[in-house]
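Engineer: make a model of this:
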Amino acid sequence: MDCKLSVNINKVAVLRNARGGKLPDVLQVAKDCEQFGAQGITVHPRPDQRHIRYADVLKLSKIVTTEFNVEGYPSKDFMELVLRVKPTQVTLVPDPPNAITSNAGWDTVRYMIFLSEITKTLRKKGIRTSIFVNPDVKMVEYAAKCGCNRVELYTEKYAVKFKTNPQKAVEPYCLAARKAAEVGLELNAGHDLNLQNLQYFNENIPNLAEVSIGHALICDALYYGLQNTIQMYLKCLKK
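Structural biologist: The predicted structure follows:
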């Protein structure tokens, strides 16, 4: 089965917020992404609401017909939001409030009790939970002990090393993927994946269920158009 593409629309909201008003229309872009073939929509609301706002998440939850993935640090406000919205998936990230973007995975050993309590709460509402981790077999192993359904591998290091040595770049991710399968976790990936490095990653990572891509995809859409861009990314995910 082909890996699913979830389009992160945060950068669309950045453009809207820069001018104020409703252009571009975040809700319409989400609908269009689905119509053009995306199998999911991802958002990452932050406390300062500099891109996707909590109000956007509430509205999107009513119109997204594919998988709705909400990323974020499990603060009190965030948990209240996702328990109200009940998205398909919540991806837990360890970002502090002022982080520009996600830049590390959870230390699932250190935060196992904390994460276990969060995943238990989400499971009770029927929400699939993914924990954002570095490509480290120990972090994957302990993520499973936290009670999540999936892990999302942080792929920034892969993207950087891919430019000079693709085989070496992907090796730790292959090990992490095998460990995920061993401990019964499904596998997601995201961060700095693009049209240059996505196909190689997909071809070499076993049991990859979903990638969430935002920044690179929205940038490519400026040149190729949103519909064409989504089709190009989907082509990279064909087995």
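
Engineer: from here on, contacts and neighbour counts on C-alpha atoms
Structural biologist: Will do.

Engineer: who touches the host helix or strand of residue 80?
Structural biologist: Applying DSSP states H and E as the criterion places residue 80 in helix 76-85. Helix 76-85 has contacts (C-alpha atoms under 8 Å, 6 or more residues apart in numbering) with 54, 57-58, 61, 70, 72, 90, 122, 125.

Engineer: which one is residue 194 nearest to, not counting chain neighbours?
Structural biologist: Among residues not flanking residue 194 along the chain, residue 216 sits closest, at 5.7 Å (C-alpha to C-alpha, 6 or more residues apart in numbering).

Engineer: got a list of contacts for the helix or strand harbouring the one you found?
Structural biologist: Element membership for residue 216, per DSSP H and E: helix 215-224. Residues from elsewhere that reach helix 215-224, judged by C-alpha under 8 Å, 6+ apart: 7-9, 11-12, 192-194, 226-230.

Engineer: swap the cut-off to 7 Å and go again
Structural biologist: Applying C-alpha atoms under 7 Å, 6 or more residues apart in numbering, the external contacts of helix 215-224 come out as 11, 192, 194, 229.

Engineer: now name the helix or strand holding the residue at minimal distance from the centre of the chain.
Structural biologist: Note on the chain: the residue nearest the mean C-alpha position is residue 212, at 4.1 Å, using C-alpha atoms, centre = their mean. Element membership of residue 212, judged by DSSP H and E, is strand 208-213.

Engineer: and that strand, what does it pack against?
Structural biologist: Packing partners of strand 208-213 (3 or more C-alpha pairs under 7 Å, 6 or more residues apart in numbering; DSSP states H and E): strand 4-8, strand 186-190.

Engineer: how far out from the middle of the chain is stretch 32-43?
Structural biologist: Remark: stretch 32-43 is offset 13 Å from the chain centroid, using C-alpha atoms, centre = their mean, to the nearest Å.

Engineer: quote the end-to-end distance of it.
Structural biologist: Using C-alpha to C-alpha, to the nearest Å, the end-to-end distance of stretch 32-43 comes out at 15 Å.

Engineer: and stretch 72-89, by the same measure?
Structural biologist: One end of stretch 72-89 to the other measures 11 Å (C-alpha to C-alpha).

Engineer: buried residues in it?
Structural biologist: 72-74, 78-79, 81-83, 85-89 (16 or more other C-alpha atoms under 10 Å).

Engineer: now, which of those residues sits nearest residue 117?
Structural biologist: Nearest to residue 117 among the buried residues of stretch 72-89: residue 74, at 10.6 Å, using C-alpha to C-alpha.

Engineer: for residue 137, see how far away that closest one is.
Structural biologist: Taking C-alpha to C-alpha, one finds residue 74 at 23 Å from residue 137.

Engineer: hmm, who's touching stretch 144-156?
Structural biologist: In contact with stretch 144-156 (C-alpha under 7 Å, 6+ apart) are residues 104-105, 112, 115-116, 119, 128-135, 140, 183, 185-192.

Engineer: actually stretch 38-52, not the one I typed
Structural biologist: 4-11, 13-14, 17, 30, 53-54, 66-72, 97, 212, 230.

Engineer: try 6 Å this time
Structural biologist: 4-8, 10, 13-14, 53, 66-72 (C-alpha atoms under 6 Å, 6 or more residues apart in numbering).
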